[in-house]
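**Q** Quick one: sequence and predicted model below, then my questions.
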Amino acid sequence: MSTLKPLQIDIVSDVVCPWCYIGKRRIENALALVADVPVEVHWRPFFLNPWVPRDGIGREEYLTAKFGSVEAYKGIAGRVVTAAGEEGLTYRPDLVKRQPNTIDCHRLIHWADAQGKSAEMKQRLMELYFRDGGDLTDTNVLVQAAADCGLDAEDVRRRLATDEDVALISAQAKDASDKGISGVPTFVFAQKYAVSGAQPAEQLARAIRQVSAEVNAQAAE
């Protein structure tokens, strides 16, 4: 019996993108629906707001710059809060007080990947931000999040104080936008088919099955 070749799935997203938070849950549900299909998932960085400075800005200043006013965001937020709730996730926009630059978050996800914990790290950071209103510009918050996922807190603190992997993460994010990815989450299957947006789990599952079958048919030729 031939063994199936794992399907590579690259998930381009940002930890402060609410649809990425929802999309992460949906792709996980999709993978559960096609548990017989072997996959290899990679979390890829994207900067939703590359203009936000490294030490972050106040949430009100951010919402005004991005949506025109805090009020304007409320209408949009309502829809996202509902969609998150339908996936069993909590989004509390009222608790978010600071808008971070996410390069350090992406560094943590990259470092967690060495221990096979990138998805767990990503989830922890998203929960801190969307559910708890955590300040992802605060080194102590990031170090604690890493420790929660089983990483060495002191090692992470030391590495965050350096520029380790800043260039790498920036290059990966630039690569995504150079390839035309402007909306996230974007799911890239077998490095050639891209599905943009937090699509329903059933739809993602169909795409996974279809592309996996195609990749394996090509491999068998």
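**A** It's in.
**Q** Going along the chain, name the strands of this structure.
**A** With DSSP state E as the criterion, the chain has strands at 7-13, 39-45, 57-58, 98-99, 186-189, 193-196.
**Q** Out of these, the one nearest residue 77 is which?
**A** strand 98-99 (13.7 Å; C-beta to C-beta). All C-beta spots, glycine's among them, are computed from the backbone N, C-alpha and C.
**Q** where's residue 219 relative to residue 6, distance?
**A** From residue 219 over to residue 6 the distance is 11 Å, taken as C-beta to C-beta, to the nearest Å.
**Q** Revised request: answer the last question for residue 106.
**A** The value you get for residue 106 to residue 6, if C-beta to C-beta is used, is 24 Å.
**Q** So if I had to pick from these two, which one is more boxed in?
**A** Applying other C-beta atoms under 10 Å to residue 106 and residue 6 shows that residue 106 carries more neighbours, namely 27 against 14.
**Q** And that one, how far from residue 160?
**A** Distance of residue 106 to residue 160, computed by C-beta to C-beta: 12 Å.
**Q** With residue 18 instead?
**A** According to C-beta to C-beta, residue 18 and residue 160 sit 25 Å apart.
**Q** For those two, indicate the residue with more neighbours.
**A** Each of residue 18 and residue 160 has its neighbours counted (other C-beta under 10 Å); residue 18 has more, 23 against 17.
**Q** For that one, give me its contacts.
**A** Residues in contact with residue 18 (C-beta atoms under 8 Å, 6 or more residues apart in numbering) are 80, 84, 91, 130.
**Q** I'd like those residues written out as CSV, with pLDDT and neighbour count added.
**A** CSV is the format used below for the contacts of residue 18 (pLDDT from 0 to 100; neighbours: other C-beta atoms under 10 Å):
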residue, pLDDT, neighbour count
80, 96, 19
84, 97, 21
91, 97, 21
130, 98, 26
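**Q** Quick check: the two most widely separated of those?
**A** In the contacts of residue 18, two members sit farther apart than any others by C-beta to C-beta. They are 80 and 130, at 9.3 Å.
**Q** list residues touching both of these two?
**A** Shared contacts of residue 80 and residue 130, defined by C-beta under 8 Å, 6+ apart, comprise 18, 91.
**Q** neighbouring contacts of stretch 149-167?
**A** Residues outside stretch 149-167 that contact it (C-beta under 8 Å, 6+ apart) are 103-104, 107-108, 110-112, 115, 117, 120-121, 124, 139, 142-144, 146-147.
**Q** how about that stretch: buried residues?
**A** Counting neighbours by 16 or more other C-beta atoms under 10 Å, one finds that the buried residues in stretch 149-167 are 149, 151, 156, 159, 160, 165.
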